[in-house]
Each structure stands twice: as structure tokens, then as C-alpha cells.
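A.B. asks: Compute the structure for the input listed below.
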Amino acid sequence: MALERYDYIIIGAGSAGCVLANRLSEDPKIKVLVLEAGGKDNSLLVRMPAGVGSLLTAKGDYNWGFWTEPEPYLDGRKLWWPRGRGWGGSSSINGMIYIRGHARDYDQWRQMGLRGWGYADVLPYFMRSETLQGGGDAYHGGDGPLYVSKASSRNPIYSSFIAAGGQAGHRLTPDFNGYQQEGFGPYQLTIKDGRRWSAATAYLHPAMSRPNLTAEIGARTTRILIEKGTAVGVEFVQGGQTRQVFADAEVLLSAGTVQSPQILQLSGIGDPEALKAAGVAPTHALSGVGANMQDHLDVTLSWETPTVKTAYSYSKGVNRITTGLSYMLFGQGFGRQNFLEAGAFLKSRPDLDRPDLQLHCVMAIMKDHGKQSVAKDGFSIHVCQLRPESRGRVGLHSADPFADPVIFAGYLATEEDRRALRQGVAIAREVADQKALTAIRAGEVEPGESVCSDADIDAWIRRSAETIYHPVGTCRMGAPDDVMSVVDDQLRVIGLAGLRVIDASVMPTLVGGNTNAPTIMIAEKAADMILGRSAPPPREVDVFGDRDAPVA
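C.D. replies: Numbers count the residues shown, from 1 in each chain. Okay, the predicted model is just below:
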């Protein structure tokens with residue numbers, strides 16, 4: 001039987017994998033294979049923005065549904081970790097918020113010795129990927145594959161939240177991805193004409209007609225094949241059969257922050273002692289694999305709105321059926337919404353050089369990721385700490401490639417992390433007490449007004465905090481003197497030829513915001529690196545505005 005050979009094999013059809021599949025297959029002479037463990041993104045729940053709640057809360061065809069190990073600073077709780085499965089990966093189940101992070105996040109990467117990763121260097125790739133509703137500008141692209149829309153809901157929750165932020169003395173900003181991130185304002189969304197615009201929709205589907213691109217589904221990677229220090233192919237299981245395919249150029253690992261380090265470790269790449277303990281024979285020592293895990297921890301405060309209808313009223317009883325039918329038949333109605341169209345980026349203390357807190361305003365009373373139903377109209381304010389000092393890791397339970405990995409997040413291990421989140425709770429309550437919100441809200445549902453001392457707030461955080469789905473860093477990009485780095489600034493696995501990691505796992509530090517747009521940017525930049533194309537010229541723009549801008 002002839003060996004199956006391709007120029008490039010991409011492991012994972014998530015956000016990064018979809019970008020790579022499109023960009024590499026643009027050249028008809030390049031033969032590309034994408035291996036995806038899940039299936040196609042053909043569910044109504046994926047297409048319909050309002051389906052996000054169902055997708056995030058249940059393990060299944062579109063969600064790996066991992067759990068962490070017991071977290072010692074969260075009362076020993078195991079936390080639910082939804083991660084996307086199938087075409088589009090987490091971009092097919094996420095909240096569809098388009099945020100790049102703060103410019104200083106990327107300048108920090110450059111200062112860590114990572115050439116070509118400053119904000120001026122990466123901005124052209126953000127712009128290349130994007131089509132902003134209404135057209136591009138100095139900060140945004142106007143003809144890229146990823147459609148980015150502007151918040152459009154007329155529900156008064158969002159406008160009241162933004163107004164309350166101004167009344168509390170905070171800045172206002174019309175564009176979190178423009179010259180000023182700090183402040184209250186509307187979110188930009190990866191939604192087009194009422195449809196989720198995932199990485200699969202933007203990049204993979206338009207490329208699938210190319211004869212040089214093959215996409216296999218139900219293909220669970222079990223290991224990367226290494227010969228004499230070079231990645232030569234991939235072994236995977238599909239339909240109960242084990243197959244091997246070979247790469248003449250490179251293997252590109254884009255399985256995400258959890259499964260990229262898992263696949264490396266299953267291939268014998270990682271900390272030798274940890275691999276031996278899991279029953280895997282080491283093939284290449286690289287201690288940083290699975291380490292440096294960082295994530296955004298989140299707590300949710302909520303209030304009733306007796307006079308304002310929210311997600312509860314729109315989805316209870318017969319309305320739930322009506323919403324689905326209206327969307328399915330006409331593409332109209334409540335199903336076009338993602339429930340969170342406003343937010344804020346704030347500092348927990350004034351001496352910081354950039355915001356370290358993010359707020360998401362949700363048009364629903366949220367409890368445990370939405371798993372617990374609350375039969376009341378209301379809104380929630382998610383409070384997320386953006387730059388945790390705490391670190392976790394991803395490892396192996398065993399050599400079984402079908403076993404879930406070990407996830408230890410290490411949340412709230414430092415006093416600074418606990419202080420910042422506690423201060424975020426105080427800020428959210430102060431905003432909710434402003435006239436714009438007191439005019440429409442009733443009592444505080446969660447945590448409740450009796451939770452007011454620092455000790456009580458800390459205890460509530462320990463028993464209720466959850467991830468807001470932004471893990472990064474487990475295949476850390478680093479300078480040559482960084483002994484814990486996994487890939488270099490070209491995303492090549494250190495010490496091995498023919499293998500790169502391209503996804504959120506390579507981020508050395510968390511960015512200040514949602515991580516999907518940065519992951520797409522990383523893949524856009526990686527495509528140029530792989531193909532040997534020159535990077536576009538750095539784009540210098542003002543990103544540290546010190547004046548308020550009116551919200552459009």
C-alpha cells in the first residue's frame with residue numbers, strides 16, 4: 001500500500017487550523033491535510049448565536065467537556081472546562097466576542113525577546129484577517145475572511161450598563177480594539193447577518209473546494225511520528241482503524257491549549273520523568289510542555305430586572321420553540337443574539353499600565369456557566385481578572401491517547417490574584433448602584449447583599465468562581481535563553497525539525513481579553529513564516545489614548 005503523503009499535515013481544525021488550511025492551500029502546488037477529531041459544524045446551535053449557552057454547558061459532539069483536577073484555592077472544586085470540538089474548534093462554541101487584547105500585551109512579548117511579536121508587528125495580521133462592519137480604518141481591516149459586526153441589540157440592559165460606567169467615573173470607549181481599550185463600551189462580535197462567523201465559516205469552508213486540501217473528520221491523533229529528530233508524520237485513529245500519514249514539509253500542531261501539549265506528551269515530547277510516570281517512553285526532552293498554563297478566572301454578579309425582559313422571558317415555554325423556528329425559517333428573532341453585547345476594561349488599582357479587569361454584561365441571570373436555570377428576568381456582570389500570576393499545567397493520566405488529560409489550573413494561588421478579583425467585585429457593585437441601572441434593576445441575586453466583608457467576598461469567590469474559557473501558554477513561545485519555552489519565535493518546536501505548534505498554547509502570557517482573535521492572528525502570522533513570505537511592515541498607530549471618546 002502506498003504511503004499517504006502531503007506537504008503539510010495540520011492537527012486540529014480549530015481556529016488556528018482553519019486559518020492554516022486556507023492560507024497554505026491558496027498555493028495549488030501545496031498539498032494539505034487537516035485532521036480533526038470531531039465532525040463538521042453543521043448544527044443549528046452552532047450557526048445560531050443564541051445557541052451558545054447549550055454548546056458551552058454540555059459535553060458532546062461540539063464540546064470536549066473537560067474537568068480540572070480539584071483546585072486547592074477554590075475549596076477543592078473541579079472546574080468545568082468547555083473546549084471546542086469539530087470544525088471551527090472553540091470559535092464554533094464561544095461567546096463570539098472579538099477582542100485583541102491590549103497593545104502593551106504584545107509589546108511585552110517583544111520585550112521578552114520574541115522578535116516580530118510587538119503590537120506594531122501583529123496589527124497588520126489582525127487587519128488582514130478582518131472585515132469590520134461598515135469598513136476598515138486605521139485599526140481594522142475591511143476585506144478579510146473574519147466578519148466582525150458592531151453590537152446592535154436594543155435591549156436597555158446594555159445601554160444602561162455603559163451609562164452606569166460613565167456615571168461611576170469610568171472612561172467610555174467606542175472601540176476596545178482601537179486607540180483606547182480602557183473604559184465601558186459595546187463589544188464587537190464575530191456575527192454576520194445573525195449567524196455565528198466562526199473560523200470554519202471564515203476560512204475552512206471557502207477553501208474546501210480546492211483539490212489540494214483534504215479534511216478528515218473523526219480522526220483522533222494518537223502521536224506525532226518522529227524519526228532522527230524530525231517530525232515525519234502523524235498516526236491517528238479513524239473509524240476504529242489506525243492510520244499513518246506523512247509530511248514532506250512540516251507537521252503543524254493546532255489542537256489547542258489542552259490537547260497540543262497532550263499530543264506532544266503522547267509522542268514522547270516533554271518532561272522525561274513525567275512521561276515515564278505516565279507510561280510514555282521519552283523521545284525528546286522538553287520540560288516546558290504542558291507548563292505555564294494561564295487562564296482567566298471569572299465571578300458573576302447578578303440582579304433582577306422586573307420591568308425589562310431578558311433571556312429568560314424570550315426563552316421560556318412556547319417562546320423557546322418560537323425563537324428556534326423564527327431563526328431556522330427566517331433567520332430572525334432572538335436567536336440572532338449572543339446575550340452579551342457590552343463590557344468594560346478597567347484597572348483594579350491606578351498604578352497599573354493597562355487594565356487588569358474585564359467586565360462582560362450579560363442579558364440573563366447566570367449561574368454555573370448557565371447550567372443552573374434561574375427563572376427570573378435579570379442581568380449579570382461577569383468580572384474577570386486579566387493577568388493572573390497563578391500558573392497551572394496540563395499533563396497525562398496515562399499513555400492512553402483517548403483518556404482526558406490532567407488539567408491543574410492553579411487558580412488564585414497568589415494574594416495579588418485574590419485582591420484583584422475582590423476589587424473587581426466592588427467595582428461591579430459600584431456600577432450597578434448608579435442611576436442608569438438602579439432605574440431598571442431590583443435586588444442583587446448573586447452573591448446577595450449579605451456578602452459584603454472581604455472575608456465573605458473571598459469565600460464566595462472560592463465557592464463560585466469559574467473559568468471564562470481563555471486558557472493559554474502550555475507550549476510557550478520563548479527566546480533562546482528561556483529554558484521553559486517549547487517553541488521559538490517562529491513557532492518551531494525547540495530541538496526538533498519539521499514540527500511547529502500554532503494555537504493559543506504558544507502565548508507566553510495571557511492577553512488582556514478574549515483569546516479567539518489573537519489565536520487567529522497567530523495563525524495568520526504563522527502562515528507567512530511557513531511559506532517563507534516577508535512579514536508586512538510594522539503598523540505604528542496611537543493605542544494609548546488618554547482622553548475619553550464618546551460611545552457611538
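A.B. asks: I'd say residue 471 and residue 81 touch.
C.D. replies: Yes - between residue 471 and residue 81 there is a contact at 7.4 Å, judged by Cβ atoms under 8 Å. (Glycine included, C-beta is placed from N, CA and C.)
A.B. asks: Determine the set of other helices and strands touching the longest helix anywhere in the chain.
C.D. replies: Selection of the longest helix in the chain by residue count, based on DSSP state H, yields helix 415-432. For helix 415-432, the packing partners by 3 or more Cβ pairs under 8 Å, 6 or more residues apart in numbering; DSSP states H and E come out as helix 156-167, strand 297-304, strand 357-362, strand 378-385, helix 454-464.
A.B. asks: And whatever helix or strand comes next after that helix, how far out from the chain middle?
C.D. replies: Helices and strands here follow DSSP states H and E; after helix 415-432, the next one along the chain is helix 435-438. Its chain's average C-alpha position is 32 Å from that of helix 435-438, according to Cα atoms, centre = their mean, to the nearest Å.
A.B. asks: Paired strands for the helix or strand following helix 435-438, with orientation please.
C.D. replies: Per DSSP H and E, helix 435-438 leads on to strand 444-446 as the next helix or strand towards the C-terminus. Strand pairing for strand 444-446, using DSSP bridges, gives strand 297-304 (antiparallel).
A.B. asks: avg pLDDT for the strand it pairs with?
C.D. replies: Averaging pLDDT along strand 297-304 gives 97.
A.B. asks: helix or strand right after that strand?
C.D. replies: helix 311-315.
A.B. asks: Which strands or helices does that next one pack on?
C.D. replies: Using 3+ Cβ pairs under 8 Å, 6+ apart, helix 311-315 sits against helix 318-330.
A.B. asks: After the helix it packs on, which helix or strand is next? Please name it.
C.D. replies: The helix or strand immediately downstream of helix 318-330 is strand 342-346, counting by DSSP H and E.
A.B. asks: hey, which helix or strand in the protein has the poorest pLDDT?
C.D. replies: None of the helices or strands of the chain scores lower by mean pLDDT, DSSP states H and E than helix 318-330, at a mean of 71.
A.B. asks: thinking again about what came up before, out of residue 471 and residue 81, which sits in the busier spot?
C.D. replies: Neighbour totals were compared for residue 471 and residue 81, and residue 471 leads with 27 against 21 (other Cβ atoms under 10 Å).
A.B. asks: Could I have the CA atoms of the helix or strand hosting residue 264 written out in CSV?
C.D. replies: Taking DSSP H and E as the criterion, the element that holds residue 264 is helix 256-266. Coordinates of the C-alpha atoms in helix 256-266 are reproduced here as CSV (Å, rounded to 0.1, in the frame of the first residue of the first chain):
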residue,chain,number,x,y,z
GLY,A,256,-5.3,23.9,21.4
THR,A,257,-4.0,24.7,24.8
VAL,A,258,-5.2,21.4,26.3
GLN,A,259,-4.6,18.9,23.5
SER,A,260,-1.5,20.3,21.8
PRO,A,261,0.6,19.6,24.9
GLN,A,262,-1.2,16.3,25.4
ILE,A,263,-0.4,15.2,21.9
LEU,A,264,3.3,16.2,22.3
GLN,A,265,3.5,14.2,25.5
LEU,A,266,1.8,11.2,24.0
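A.B. asks: Note down every partner strand of the following helix or strand past it and its orientation.
C.D. replies: Going down the chain from helix 256-266, the next helix or strand is strand 269-270, by DSSP H and E. Using DSSP bridges, the strands paired with strand 269-270 are strand 284-285 (parallel).
A.B. asks: Now do the longest helix of the chain: distance to the chain's middle.
C.D. replies: Relative to its chain's centre, helix 415-432 lies at 23 Å (Cα atoms, centre = their mean).
A.B. asks: all strands for the stretch 51-200 of the chain, in order.
C.D. replies: Remark: strands assigned in the stretch 51-200 of the chain by DSSP state E, counting those that start in this stretch are 66-67, 80-81, 97-98, 130-132, 146-150, 183-186, 188-189, 191-192, 195-196.
A.B. asks: What is the first one packed up against?
C.D. replies: With contacts defined as 3+ Cβ pairs under 8 Å, 6+ apart, the secondary structure elements packing on strand 66-67 are strand 80-81.
A.B. asks: now swap in the third one and tell me
C.D. replies: Packing contacts for strand 97-98, counted by 3+ Cβ pairs under 8 Å, 6+ apart, involve strand 188-189, helix 516-531.
A.B. asks: what are the pairing partners of it, and which direction each?
C.D. replies: Strand 97-98 has the following strand partners under DSSP bridges: strand 188-189 (antiparallel).
A.B. asks: residues making contact with the strand it pairs with?
C.D. replies: Residues outside strand 188-189 that contact it (Cβ atoms under 8 Å, 6 or more residues apart in numbering): 49, 96-99, 132, 148-151, 175-177, 338, 341.
A.B. asks: Give me whichever of the helices and strands packed on helix 415-432 is most buried.
C.D. replies: strand 378-385 (a mean of 28; mean count of other Cβ atoms under 10 Å).
A.B. asks: So for stretch 515-532, mean pLDDT?
C.D. replies: In the prediction, stretch 515-532 has an average pLDDT of 98.
A.B. asks: Could I get the buried residue list for it?
C.D. replies: Using 16 or more other Cβ atoms under 10 Å as the burial criterion, the residues of stretch 515-532 that qualify are 515-530.
A.B. asks: one step back: which residues do residue 471 and residue 81 both contact?
C.D. replies: Contact criterion Cβ under 8 Å, 6+ apart; residues shared by residue 471 and residue 81: residue 258.
A.B. asks: Figure out the helix or strand that residue 236 lives in.
C.D. replies: Using DSSP H and E, residue 236 falls within strand 230-238.
A.B. asks: ugh, wrong one, residue 249
C.D. replies: Counting by DSSP H and E, residue 249 is part of strand 241-253.
A.B. asks: what's that strand in contact with?
C.D. replies: Against strand 241-253 from outside (Cβ under 8 Å, 6+ apart): 3-12, 17, 20, 33, 35, 219, 222, 224-225, 231-237, 260, 263-264, 475, 498-503, 526, 530.
A.B. asks: related to what we said a few turns ago, got the helices and strands packed on helix 415-432 as CSV, with distance to residue 39 columns?
C.D. replies: Below are the helices and strands packed on helix 415-432 laid out as CSV (distance: least, Cβ to Cβ, whole Å):
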stretch, distance to residue 39
helix 156-167, 34
strand 297-304, 29
strand 357-362, 29
strand 378-385, 30
helix 454-464, 34
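A.B. asks: Of all the helices and strands packed on strand 97-98, which one is nearest residue 481?
C.D. replies: Of all these, helix 516-531 sits nearest to residue 481, with 21.1 Å by Cβ to Cβ.
A.B. asks: List the residues that contact residue 216.
C.D. replies: 33, 34, 35, 36, 236, 238.
A.B. asks: Buried ones among those?
C.D. replies: 33, 34, 35, 36, 236.
A.B. asks: Thought residue 92 was touching the fourth one, still the case?
C.D. replies: No - taking contact to mean Cβ under 8 Å, the distance of 11.3 Å between residue 36 and residue 92 leaves them out of contact.
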